[in-house]
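Participant: Sequence and predicted structure below; questions after.
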Amino acid sequence: MALVAAGFSLFLVSCATTERAVFAPPEIDGAHYVGNRTCADCHTNIARVFPASPHARLYRAEMKMAGDSGCESCHGPGSKHVQAGGGRGKFILNPLQDPGLCFRCHLDIHAEFNLPQHHPVVENRISCTQCHDPHGADIFKPAGGLAMARQNQTCAQCHREQTRPVVFEHEAMREGCTVCHNVHGSINAKMLIQRDANLCLKCHAQIQSSTGSLVFIGKIAHQGFLRHGTCWSAGCHTAVHGSNMSQQLRY
Ligand code: HEC
Ligand code: HEC
Ligand code: HEC
Ligand code: HEC
Ligand code: HEC
Ligand code: HEC
Ligand code: HEC
C-alpha cells in the first residue's frame, strides 16, 4: 500500500479568486478521468445506489470541471486504477483515510473542524463516514428521513451515556443532538452551540413578573439562580440529556 501510495500526488490547493471559490481537482500522477460508467463495471453495488446521492445530483446542476460530480470527484482520476485491474491502494484515493478530499470542496466544514473543540476527524481518530454515507441517497444521513431519531442513533454508536433510555426524558432530545451541539466543531466546551443560559432560553421562555423583580422559567422564579452560572452547572439541571431520578433534570 505505502509503495503505491508514494506514487500519488494529491494537491489540496484551493484558492478564492473572485467571490467564487475555485477548487483544484484531486490528482493522481499520470491518470486521467474516465467517468462513472467505467467504475460501474466493477463496483456495481456502489454505482447502483450512487445516482440518488446529493453529490451525483450535482452532476447535472453545475459541472465546472472534469470529475466534478462523479465518483472521481472524491476518488481522483481513475484511469490507472482501471488499467491496473483495480484493487486496494492501487492508484485511487480514499477519503476514509483523508478527509482533505472532502475539505477540498467543503471549506466551511474544514474551518469548523479547526475550531478548538471538534470531533477528532483531522486527527484521523474518526471519519466523516461515521456520520455521513458518501454513496447512498442519504449522505446527510443524520438529518434526512426520520430526522432526529436517526441522528441520535448515529451518535449513540459512540455516546451511549447520553442516548440511553431514561425515566425523565428531556424533550429537547427529540429535536436531535444538534439543537445544542455543533458536532463538526465549536469554540465552546463540549461543542455547545452557546456557552450560557441562552442555549436553554431559546426554548424555555423567561417571563418577568409585572413588578420586574421576579423572573420565571417554567413555574419557578429563577432570578436568584441565573447569577450562579449556566443552567446545567452549579448543581442545577446537570442531567440535561435526561434523568432517572429527577423530573427537573437535577441529576
Ligand atoms: C476492473 C475492475 C475495476 C474498475 C473498472 C474499477 N475498480 Fe475500483 N477496485 C477494484 C477492485 C477489485 C478493488 C479492491 C476491492 C476490494 O478489495 O474489496 C477496488 C478498490 C477500489 C477502491 C478502494 C481503494 C482503497 O485503497 O481502499 C476505490 C475507492 C475504488 N476502487 C474506486 C474506483 C473508482 C472511482 C473507479 C472508476 C474510476 C473504479 N474503482 C474502477 C476494481 C475496479
Ligand atoms: C462524496 C465523495 C464520494 C463520492 C462522490 C464517491 N465516493 Fe466512494 N468512497 C467515499 C468514501 C468517504 C469512502 C470510504 C467509505 C468507507 O469505507 O466507510 C469511499 C469508499 C469507496 C470504495 C471502497 C469501499 C470499501 O469497501 O472499502 C469504493 C470501491 C468506492 N468508494 C467507489 C465509488 C464509486 C464507484 C463511486 C461512484 C459511483 C464513488 N465511490 C463515489 C467517498 C465518495
Ligand atoms: C467536488 C466537490 C465535493 C467533494 C469532493 C465533496 N463534496 Fe459534499 N457537497 C458538495 C456540494 C457542491 C454540495 C451541495 C452544496 C452544499 O450543501 O454545500 C455537497 C453536499 C454535501 C452534504 C450535504 C448534503 C445535503 O443534502 O445537504 C454533505 C453531508 C457532504 N456534502 C459531505 C461530503 C463528504 C463527507 C465528502 C467527502 C467524503 C464530500 N462531501 C466531498 C461538493 C463536494
Ligand atoms: C460526529 C458526526 C459527524 C462527523 C464526524 C461529520 N459530520 Fe458533517 N454533519 C453532521 C451532522 C449531525 C450534520 C447536520 C448538522 C445540522 O443539522 O445542523 C452535518 C452536516 C454536514 C454538512 C451539511 C452542511 C451543514 O453544515 O449543515 C456537510 C457539508 C457536512 N456535514 C460535511 C462533513 C464532512 C466533509 C465531514 C468530514 C470532514 C463531516 N461532515 C463529518 C455530523 C457529522
Ligand atoms: C465514531 C464515534 C463517534 C460518533 C458517531 C460521534 N462521536 Fe461524539 N465524540 C467522539 C470522540 C472520539 C470524541 C472526543 C472524545 C475525546 O476527545 O476524548 C467525541 C466528543 C464529543 C463531544 C464532546 C465531549 C467532550 O467531553 O468534550 C460531544 C458533545 C459529542 N461528541 C457529541 C456527538 C454527537 C451529537 C454526535 C452525533 C451527531 C456524535 N458525537 C457522534 C466519537 C463519536
Ligand atoms: C438541551 C441541550 C442538549 C441536547 C439536546 C444534547 N446535549 Fe449533549 N450536552 C449539553 C450540555 C449543556 C452539555 C455540557 C454538560 C456539562 O458541561 O456538564 C453536554 C455535554 C455532552 C457530552 C460531553 C459529556 C458530558 O456529559 O459532559 C456529550 C458526549 C454529549 N453532550 C452528547 C450528546 C448527544 C449524543 C446528544 C443527542 C443524543 C446530546 N448531547 C444532546 C446539552 C445538550
Ligand atoms: C429544543 C428546545 C429545548 C432546548 C434547547 C432545551 N429544552 Fe428543556 N425542555 C424542552 C421541552 C419541550 C420540555 C418539556 C416541556 C416543558 O417542561 O417545558 C423541556 C423540559 C425541561 C425541563 C423539565 C421541566 C419540568 O419541570 O418538567 C428542564 C429542567 C429543562 N428542560 C432544562 C433545560 C436546560 C437546562 C436546557 C439547556 C441546557 C434546556 N432545557 C434546553 C425543550 C428544550
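Facilitator: Good, I have the coordinates. Numbers count the residues shown, from 1 in each chain. Ligands and ions are numbered 1, 2, ... in the order given.

Participant: Any regions of the chain where pLDDT drops low?
Facilitator: Per-residue confidence for the chain (pLDDT under 70) gives these ranges: 1-24, 59-68, 140-150.

Participant: which residue ranges form the helices in it?
Facilitator: When assigned using DSSP state H, the helices of the chain occupy the ranges 2-5, 36-42, 44-49, 54-61, 72-75, 79-83, 100-103, 107-113, 147-156, 160-163, 198-201.

Participant: How many neighbouring residues does the closest residue to residue 47 other than its chain neighbours have?
Facilitator: Of all residues not flanking residue 47 in the chain, residue 40 sits nearest, at 3.5 Å (C-beta to C-beta, 6 or more residues apart in numbering). C-betas here are computed from N, CA, C, even on glycine. Residue 40 is surrounded by 15 other residues when neighbours are defined as other C-beta atoms under 10 Å.

Participant: So residue 72 is in contact with residue 37, correct?
Facilitator: No. Using C-beta atoms under 8 Å, residue 72 is not in contact with residue 37, being 11.6 Å away.

Participant: which of the two has more neighbours?
Facilitator: residue 72 (27 against 10).

Participant: measure the most far-flung residue of the chain relative to its centre to ligand 1 for me?
Facilitator: Distance to the chain centre peaks in the chain at residue 211, reaching 46.0 Å (criterion: C-alpha atoms, centre = their mean). Look at residue 211 and ligand 1: by C-beta to the nearest ligand atom, to the nearest Å, they are 67 Å apart.

Participant: interface residues of the protein facing ligand 1?
Facilitator: Taking C-beta under 6 Å from any ligand atom as the contact definition, the chain meets ligand 1 at 34, 38-39, 41-43, 71-72, 75, 78, 81-82, 85-89, 92, 94.

Participant: how about a cut-off of 8 Å?
Facilitator: Applying the criterion C-beta under 8 Å from any ligand atom, the portion of the chain that neighbours ligand 1 consists of 1, 33-36, 38-39, 41-43, 70-72, 74-79, 81-82, 85-90, 92-94, 96-97.

Participant: Leaving out chain neighbours, which residue sits closest to whatever residue of the stretch 1-150 of the chain ends up closest to ligand 5?
Facilitator: For the stretch 1-150 of the chain, the nearest residue to ligand 5 under the criterion C-beta to the nearest ligand atom is residue 130, separated by 3.9 Å. Distances taken as C-beta to C-beta, 6+ apart place residue 157 nearest to residue 130, at 7.2 Å, with adjacent residues excluded.

Participant: For that neighbour, give its distance to residue 133.
Facilitator: Relative to residue 133, residue 157 is positioned 13 Å away (C-beta to C-beta, to the nearest Å).

Participant: ok, the two, which is more surrounded?
Facilitator: A side-by-side neighbour count of residue 157 and residue 133, using other C-beta under 10 Å, places residue 133 first with 16 against 10.
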